[in-house]
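Colleague: Below are the sequence and a predicted model; questions follow.
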Amino acid sequence: MLRRDIAPRTDWQNTAQEYGFSFHTIDDKAYWDESAYYQFSLEQIEHDIEDPTQELHEMCLHVVDKVVQSQALLTDFCIPEAFHEAVSDSWQAKAPSLYSRLDLAYDGSGPAKLLENNADTPTSLYESGFWQWLWLEQQVDSGALPNASDQFNSLQEKLIMRFRDIANHYQLKNMHFSSCMDSDEDRGTVQYLQDCASQAGLTTPFVYIDDIGVTDTHRFMDLGNNQIDIAFKLYPWEFMLKEEFGEIAAYCDTKWVEPIWKSVLSNKALLPLLWEMFPNHPNLLPSYFHKDLDKVDKAGKWVKKPIFSREGANIMIIDNGDVIAQTGGEYGDEGVIFQQFTALPKFADNYTLIGSWLVNDMPAGISVREDNSLITQDTSRFVPHIILG
Amino acid sequence: MTKTINTAKSTTKRTANISLPSMRKWFAFRPLAVSMSVVFLSACGEEPEIASIYTSVDECSSSNPNYMQECKVAYQAAKDEALRTGPKFLGQADCEYEFGQDNCEYVARSEEQIPGNNNNANNQSSSGSFFMPLMAGYMMGSMLGGNSRNRPFSQPMYTSSSRNSALRGRWFGATGKDYGSQRNRTAKVYSSDLKPKPTVNKTVKRGGFGKSVARSKASSRSWGG
């Protein structure tokens, strides 16, 4: 695993505009950074990332299977009681899921460590599935990268196949897509998923989540008052559960992608339970619920994470009892977990994080993100990667 | 010739082919155009009846002096039908977006009257109250409404003055079926138009999702993960 400098494509901003990649620069800071790339060996990708991703995902599903059968565990996961049945039902019914991203700490050798599982609303999908793919094609075509360069990235073809499967499963051809207002980035991610679904033969109307309406007979409608039979929502279940339409959403006829059981898979409470069920697994870090604080070695270095945190908000790093780094945010009221600290590897001046994608249950590629700080936040940059050697 | 033995999991680790033309975007993202859906019913060659559209009981009575009672009954039936099957909106603005300014009325209804409403949580504000377009007229015809009581058929008629509506300046029914220009006072009706309509699932409330996103920073960043 190497970080190499490379000249950016001369006209990449125009290409971005041509393909509708509108959020490569955010608040005047580069988000997409192609002045460098990461190079992995095929062995590193397959042995150290792809196989563990598959195994970790299967372990996570074992945890979900255990949690949905226990009121006490669902409560530990901060899932309100009114939704326990809906979560359990959707898991038992094997309601199909679309995608996930496991965040891994990996430096090129030794076991990758699972930091968390973004299984409900993972973003940076367009950049991963399409845009870095296009970068590689063009850099190979121009001779800047060797012909033998490959990339761990079958996201787009797997997403298209998966949309076809989901449409067949429900016998529905019209899938609504939804995200919230005011985020170009989320709208871009959802537009990408619409493109993939459309290539799978679906029709893909869009409605902002804020605009979704409900009828007196508990059907969801889009802004044109067309019924929503199935919807992809880039909006987390943990928000939906506490909002006014939450209960209707959980029990109505509308099918959701992701399904409601993903509220268990994407939950940080997964981490202590993984450690409990698969202790000392090489790809896991010791993790504990707050109530098991006595098991946390106070002299060690720990990360405190809210159960529902996103984009690195409200994270605290504690070393021997002292807070050495922390981020602000609005999460944490619902409870926290403790995970043993592992340093992200440093390449040049950057802390580097691997996002390892799954579509349905299959590893489907990686994204590499860099941050100047120990805690990867939404200020981090996306850097492309290649496989060579 | 050497035979290639493929021991890797796949020959390449990336998407084999992406259709670039289908990924091009020349325009910015836009929400869907908003319009009330227009229902086209197939009439399968049957003979239509010509029905009349009146804007008031008086107008009906003066055109049909011998049927004053029928005019009243038909009007009331259309009013009741409008309440049951007509478009409903939570907000005045949503209603006026479709039907035009000053074309909507507030209707207060108690909770029990709403079929299927067993949700008693924190929505007193909405309970059963909503905005409906004003009934701009009613259609009356001699066709029997599927019963033998010899009552004239009637149904509520709406118009829209909104530039957002595809039905601006048209007469249309509660399902959005277009009965022609507002200048006309007669319309062709097929028996399929007269089938009893279900209590229509019109959207009564929006904005029940999306409140959790605290946007402390003015930015377009994802709150995703």
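Modeller: Structure's in. What do you need? Only a predicted model underlies this, so the values are computations on that prediction, with no experimental measurement involved.
Colleague: Could you pull out the helices in the stretch 51-200 of chain A for me?
Modeller: With DSSP state H, counting those that start in this stretch as the criterion, the stretch 51-200 of chain A has helices at A:51-67, A:71-76, A:84-92, A:125-126, A:132-141, A:155-170, A:184-199.
Colleague: As JSON lines, those helices with distance to residue B:163 and mean neighbour count would be great.
Modeller: Every C-beta, even on glycine, is put in place using the N, C-alpha and C of the backbone. Converted to JSON lines, those look like this (distance: least, C-beta to C-beta, whole Å; neighbours: other C-beta atoms under 10 Å in any protein chain shown):
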{"stretch": "helix A:51-67", "distance to residue B:163": "50", "mean neighbour count": "19"}
{"stretch": "helix A:71-76", "distance to residue B:163": "50", "mean neighbour count": "15"}
{"stretch": "helix A:84-92", "distance to residue B:163": "42", "mean neighbour count": "19"}
{"stretch": "helix A:125-126", "distance to residue B:163": "35", "mean neighbour count": "25"}
{"stretch": "helix A:132-141", "distance to residue B:163": "41", "mean neighbour count": "19"}
{"stretch": "helix A:155-170", "distance to residue B:163": "36", "mean neighbour count": "20"}
{"stretch": "helix A:184-199", "distance to residue B:163": "26", "mean neighbour count": "23"}
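Colleague: Out of those helices, which gets nearest to residue A:383?
Modeller: Residue A:383 lies closest to helix A:132-141 among the helices of the stretch 51-200 of chain A, at 8.7 Å (C-beta to C-beta).
Colleague: And the contacts of that closest one?
Modeller: Helix A:132-141 is contacted from outside by A:6, A:9, A:12, A:15, A:19, A:34, A:145-147, A:149, A:151, A:153, A:156, A:367, A:382, A:384-386, B:14-15, B:18, B:20, using C-beta atoms under 8 Å, 6 or more residues apart in numbering or on different chains.
Colleague: Show me what counts as buried in the lengthiest helix in chain B.
Modeller: Ranked by residue count, the top helix of chain B under DSSP state H comes out as helix B:68-85. By neighbour count with 16 or more other C-beta atoms under 10 Å in any protein chain shown, helix B:68-85 contains the buried residues B:70-71, B:73-75, B:77-78, B:81-82, B:85.
Colleague: Could you point out which of those residues is nearest to chain A?
Modeller: For the buried residues of helix B:68-85, the closest approach to chain A (C-beta to the nearest C-beta) belongs to residue B:85, at 11.8 Å.
Colleague: Roughly how far does the closest one sit from residue B:78?
Modeller: In this view, residue B:85 and residue B:78 are 11 Å apart by C-beta to C-beta, to the nearest Å.
Colleague: for chain B, what are the low-confidence residue spans?
Modeller: B:1-10, B:26-47, B:109-128, B:143-152, B:194-202, B:214-225 (pLDDT under 70).
Colleague: Likewise for the stretch 151-300 of chain A?
Modeller: Nowhere does the stretch 151-300 of chain A drop to pLDDT under 70.
Colleague: mind listing the strands for it?
Modeller: Shown for the stretch 151-300 of chain A, the strands assigned by DSSP state E, counting those that start in this stretch span residues A:176-178, A:213-215, A:220-221, A:230-233, A:255-257, A:287-289.
Colleague: so which of these comes closest to residue A:96?
Modeller: Ranking the strands of the stretch 151-300 of chain A by proximity to residue A:96 (C-beta to C-beta) places strand A:255-257 first, at 7.5 Å.
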